[in-house]
Every structure is written in structure tokens, then in C-alpha cells.
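S.K.: Give me a model of this one.
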Amino acid sequence: MSNPATPSTPTDTRSRRFYHGTRADLKPGDLIQPGYASNYTERRSPWVYFSETLDAATWGAELARGQGPGRIYLVEPTGSFMDDPNLTDKKYPGNPTKSYRAQEPLRVVSEYLNWQGHSPEVIQAMKDRIAGLEPIDD
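M.R.: Prediction:
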């Protein structure tokens, strides 16, 4: 999917593994819905974000707002999705981070427990780097 405007569908994903990083305490079968405050800003987002890479999900879990530990979930999209233009158009043409967004829910398959976080210094440096960035929500 090199064109962020070209949607993919769940039938295209059977052999792929998707992750979502957050601080929310979720259970298998729960739906992660768009329309809530994002992990990073107070603004409500019409999108839900996820990735095929554990690294991107780790950042999601570590940078998420709120209390509690960061968590990573294995998820499956319930509808079509596209490349995340916040990364593909702005920073990484071709989507090497394999980051996506959808306007339909993600279904939690299970929690992924075997992940290694970044040091507090590296996390703070990333927070400083992304402070003030506005996501592309259109």
C-alpha cells in the first residue's frame, strides 16, 4: 500500500499481524473505536491508528496520555483502512513504519506482553520532538 488514499480491506489482511499501543485496559473482543480523544492530544479523532510493526506500537503505548502502564494489543481491522498520512506523506514515503488508520473499529484479539520499552530519556526526547504537531485528520 504505497498510496495512502488506497484503502485496504480485512480480506486483504488474513496473514498479517497488527498492533495497537495505548494505556487502555482492554480485553479480547473489545472494540477500539474512533471518535475518542487520541493518545496524544485532547482533540477527538475520527480515526483509530495501528501498525504492523512492534516498534510503532511500542511508541503508541509509551506516548499515550493517561495513567497506567502502556499496553500493546494484537488487533484486527473490522473495515477498510489506509496508510497513515501523518507518517507516509510527511516523514516516511512508502510507509516503512507500516502505520495505518481506519474510521471503523479495531477488534482486540489479545494483549501482546513480550515487548521492550524505551528508556525514560528516549521517551522524553520523542515527546519533545512531537510537541505541538497537529495530526492530519481529514
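
S.K.: How about stretch 110-123, which residues are buried there?
M.R.: Neighbour-count burial for stretch 110-123, counted by 16 or more other Cβ atoms under 10 Å, picks out Y112, W115. Every C-beta, even on glycine, is put in place using the N, C-alpha and C of the backbone.

S.K.: ok, and what's touching that stretch?
M.R.: Here stretch 110-123 makes contact (Cβ atoms under 8 Å, 6 or more residues apart in numbering) with 19, 26, 28, 54, 57-59, 61-63, 70-74, 126.

S.K.: After the worst-scoring helix or strand of the chain on mean pLDDT, which helix or strand is next? Please name it.
M.R.: Ranking every helix and strand in the chain by mean pLDDT, DSSP states H and E puts helix 85-88 at the bottom, with a mean of 72. Per DSSP states H and E, the first helix or strand lying C-terminal to helix 85-88 is strand 99-102.

S.K.: ok, whichever helix or strand comes after that following strand: who's next to it in the sheet?
M.R.: For strand 99-102, the following helix or strand on the C-terminal side (DSSP H and E) is strand 106-112. Sheet pairing of strand 106-112 (DSSP bridges) gives strand 31-32 (antiparallel), strand 71-77 (antiparallel).

S.K.: That'll do, ta.
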